[in-house]
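In: need the 3D shape of this:
(one chain, ligands or ions: 1)
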Amino acid sequence: MTGTGTGTPGAPPSTAGDEASPSEQLLFGGELTYDYGWGTHNGAWLKLSLRAMALSLPRQVAVAVRLARRADRRALITVAIGEIARGITQAVSLIAVNALLVELLAPGDITGRLRAALPSLTLVALLAVCGSACKSASTAATGILEPKVQRAATERYLGLVARVELEAIEDDAFHKLMDSAQWGAESARRMVVHCTAVVTSAISLIPAAGVLTVLHPALLPLLIGMALPSAWGSLTMARHRYVSWHRFVQHVRAAQLISRLLIDQQAAAEVRVHDVAPFLLQHFRQMAETSEKEQTRLAWIGARTGLFADTARGIATVAAYGVLGLLLWQGQMDLAIAGTAVLAIRTGSASITDLVLRVTDLQEEALFVADLETLCDEAVRRAIPTGGRDLPGQPAEIRFEKVTFTYPGADEPSLRDVDLVIPRGRTVALVGRNGSGKSTLVRLLSGARLPDAGRVLWGEVSTAEADRAQIFDRVAMVAQDFYRWPFTARVNIGIGRPGAIDGRDVEAAAAYAGADEVVGGLPRGLDTLLARGYKGGQEISGGQWQKIGLARARYRDGAVLIVDEPTSALDPAAEQRVFDQIHELAGSGQTVVLITHRLHSVRHADLIYVLDEGRVVEHGSFAELMDPAVGTGAFREAYALQARQFVAPSVPPQATGAASERAGRPGEGQALG
Ligand SMILES: Nc1ncnc2c1ncn2[C@@H]1O[C@H](COP(=O)(O)OP(=O)(O)OP(=O)(O)O)[C@@H](O)[C@H]1O
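Out: Have a look, this model is predicted:
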């Protein structure tokens, strides 16, 4: 584990020791780093000083106002008017109270003094009513604004993240940013509340400070002296909380992951049969304990800081009232003025304390909102570019020219110098051993990834310069791990081209893929929810899902159909039907790229490419690849190996020993599939 220290600026605090715990090893491979490495706010917490706070306040208020304006302009205006009006009523109120005290403490009979004080008293009462009305209006508008701000902030970052390159989605640093950003959206909501409170406190502080300055020049510094310890205390804690949060965000995510696994539907059977629960619980506890240690550390820092700040504040308060008493005693101030001063000090110190607390809260939330902004900037930077060259109407072929591709962080390329041609309206099969690069190849073909070297050309336009949206639009894909949406069967098919899902087309696509039988067996047909654990939700088998996946690709109706292991979970009849349909599709002018380990099913493909360790080792038609006089023989050997499984005796010979048993077992040896 890296990043040790004791909470001093410049080094993240350490509570978990220097060695990665077994749980950290489990989830982070022992490589848990506590970097803050996201450019703009790297070390931003260090800048949480009084001066920086004062300087950045206008910017943060502007951020909150911008967020609020984006969410609901009218509510924002109501809050602004309400708070300013409330501040003004407080200011006038203080002046009216002073006038009231002067009248009441003036020489003369009590009836006359009360009569003279009546207008001021009425004004104070009226102002109190106005102040309450303004507060109610502002509270209501803030309540309306808050969820809208959170929604707007969330929508914005989700919209941007959904458009980033796949590479970013697999990047752990980007994930960490996304975690912070989720917090940031909530912070945006709280920022509006804090910002409103800052404005209120600042406005109510102005008259208190003004009155004190007029009464005696020594009073304002005393008031500020009373507020400084609280400011220091809350700033210190804000800084610790922010650092701590950034350090432990990965732990929180990991603990959530483990706890979700315990209740996950797909893992449920294995959790029970393999008795995985104690193992997971143990790691959950370890992760939670690491976070608890940090919470304890923070609690102690909070207690120490609070005690120190309160003591300093107590001393400053005694000093302030002491000076006031001294001025009275020396006759430098009369009683009415002292009364107003006490009131102004009380109002002012409440406002200033509130102001400092709110500014600190605002500052803290602003750091998370800054994370959100960083994520949005990063998402924009890593977005799939919009625009680019138009694809030709019907490119005659898709061509790979010396394509090399390495996944970020991988040592070895997954594709090396690949040359390949996919002619329009043909069926092209990709075969090869596990990990030979077939799925990677179709990711590059569909524009989901871009090559590091070489070109993938749709006609004469390379995917790197093309308008990627146009490429996506022409591709229908049933990936190996196609997504099982927790929605209805209808949506699971129609989501192939989500917009307005057309009922009749969905039914036609379902019938085409043989999914109509699956749907027919569901209690509510196409409207059955395919998500167990929800009301009316149903689960279907792996093979049935595969039919839904094929129906989705059919519904999408792209010019190029990519099917990655489309029949791995299908029974023999369904499998035969799928391959017949694929063959028919190619006959109707659609380009089909088929990835499969079932070599007998590629007999009808126009072209077969055999991959091994990221290279195309041979290609040709089925007949060519089976011809002993042509190619490397890789395909032929693998085909023969698979074929042997079907001609082998149905009852294995007895007592032939482990070695001979292994030799007859399917899938072993140097097979491609
Ligand atoms: N997202 C990824 N990040 C890093 N490496 C990856 C990623 N996806 C695949 N790889 C690696 O790239 C290589 C090729 O993988 P690919 O999935 O393309 O193989 P494949 O031929 O489709 O295998 P299979 O037949 O098992 O589906 C493998 O070494 C794999 O580990």
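In: could you use CA atoms for every contact and neighbour count after this?
Out: Will do.
In: can you tell me which residues in the stretch 351-500 of the chain are near the ligand?
Out: Counting by C-alpha under 6 Å from any ligand atom, the residues of the stretch 351-500 of the chain close to the ligand are 407, 414, 433-440.
In: what do you get for the stretch 51-200 of the chain?
Out: Going by C-alpha under 6 Å from any ligand atom, none of the residues of the stretch 51-200 of the chain are near the ligand.
In: next up, the contacts around the one residue in the stretch 51-200 of the chain that gets nearest to the ligand.
Out: Relative to the ligand, the nearest point of the stretch 51-200 of the chain is Glu170 (7.1 Å; C-alpha to the nearest ligand atom). By C-alpha atoms under 8 Å, 6 or more residues apart in numbering, the contact set of Glu170 is empty.
In: from Phe635, how far out is it?
Out: Distance of Glu170 to Phe635, given as C-alpha to C-alpha, to the nearest Å: 33 Å.
In: the residues of the stretch 351-500 of the chain next to the ligand in helices, which ones?
Out: Among those, the ones falling in helices (DSSP state H) are 438-440.
In: hey, where'd the strands end up in the protein?
Out: Remark: strands assigned in the chain by DSSP state E are 397-405, 415-423, 427-432, 453-458, 461-462, 475-478, 560-564, 591-595, 607-612, 615-620.
In: residue nearest the centroid of the chain?
Out: Centroid check for the chain by C-alpha atoms, centre = their mean gives Met178 as the closest residue, at 3.5 Å.
In: that residue touches Leu375, doesn't it?
Out: Yes. With contacts counted by C-alpha atoms under 8 Å, Met178 reaches Leu375, the gap being 6.7 Å.
In: around Val214, how many other residues sit close by?
Out: For Val214, the neighbour count with other C-alpha atoms under 10 Å is 12.
In: pretty sure Thr142 is touching Ile77, no?
Out: No. Look at Thr142 against Ile77 with C-alpha under 8 Å: they stay out of range, at 10.3 Å.
In: more neighbours: which of the two?
Out: Using other C-alpha under 10 Å, the more surrounded residue of Thr142 and Ile77 is Thr142, with 22 against 16.
In: okay, that one: pLDDT?
Out: At Thr142, the pLDDT value in this model is 89.
In: how much space between Val272 and the ligand?
Out: Wrong residue type there; residue 272 is Arg, not Val. According to C-alpha to the nearest ligand atom, to the nearest Å, Arg272 and the ligand sit 28 Å apart.
In: and Ala489, by the same measure?
Out: Distance, Ala489 to the ligand, using C-alpha to the nearest ligand atom: 26 Å.
In: could you measure that residue against Ile548, distance?
Out: Applying C-alpha to C-alpha, the value for Ala489 to Ile548 is 8 Å.
In: still on that earlier bit, check contacts around the residue nearest to the centre of the chain.
Out: With C-alpha under 8 Å, 6+ apart, Met178 has these contacts: 372, 375.
In: repeat that for Glu618.
Out: 609-611, 625, 631-632, 634.
In: bridging residues for it?
Out: On the basis of DSSP bridges, Glu618 takes part in beta bridges with Val610.
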